[in-house]
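[1] just a sequence and a predicted model for now, questions to come.
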Amino acid sequence: MNLLDMLNGDSSPATATCSRKGCRNAATAQLVWNNPKVHTPERRKIWLGCDEHTAWLEDYLRSRSLWRETLPLASDGERG
Ligand SMILES: [Zn+2]
């Protein structure tokens, strides 16, 4: 299982955008979640969140007991 394959499942492989409906901001975090009712325990789903919506998405997943972890999203254009 390759994380990039999941991200490329979206139609925009070059720029990772926020998973919040209607939001086009660049994603800065990835929310890892699993729904035990429909997924096997080792299955991991990834949502992407921008600065504005990562907390919102995490709260949404937490409230449904789906949330596993939130990780920073590494950026290709990162400058030191
Ligand atoms: Zn957003």
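    That came in fine, so what should we check first?
[2] for the protein, which residues are neighbours of the ion?
    Proximity of the chain to the ion is confined to 18, 20, 23, 25, 50, 52-53 under the rule Cβ under 5 Å from the ion. (Glycine included, C-beta is placed from N, CA and C.)
[3] nearest residue to the middle of this protein?
    Centroid check for the chain by Cα atoms, centre = their mean gives Trp47 as the closest residue, at 2.2 Å.
[4] still on that earlier bit, which one of the residues of the chain next to the ion is nearest His39?
    When those are compared for distance to His39 (Cβ to Cβ), Arg20 wins out at 21.1 Å.
[5] check the offset of the longest helix along the chain from the chain's centre.
    For the chain, the helix with the greatest residue count under DSSP state H is helix 54-63. Chain-centre distance of helix 54-63: 11 Å, with Cα atoms, centre = their mean, to the nearest Å.
[6] stretch 51-66 too?
    On Cα atoms, centre = their mean, the centre of stretch 51-66 falls 10 Å from that of its chain.
[7] what sits up against it?
    Outside of stretch 51-66, the residues within contact range by Cβ atoms under 8 Å, 6 or more residues apart in numbering are 18-20, 23, 25, 28-29, 31, 33-35, 47, 49, 67, 70.
[8] in that stretch, what counts as buried?
    Residues 53-54, 57-58, 60-61, 66 are the ones in stretch 51-66 that count as buried (16 or more other Cβ atoms under 10 Å).
[9] just to revisit the earlier point, in PyMOL, select just the buried ones from the contacts of stretch 51-66.
    To isolate the buried members of these in PyMOL, using 16+ other Cβ under 10 Å:
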select buried, resi 18+19+20+23+28+29+31+33+34+47+49+67+70
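[10] closest one of the contacts of stretch 51-66 to Pro41?
    Pro41 has its nearest neighbour among those in Asn34, at 7.0 Å by Cβ to Cβ.
[11] what residues are up against Gln30?
    Contacts for Gln30 were tallied using Cβ under 8 Å, 6+ apart; they are 46-49, 70-73.
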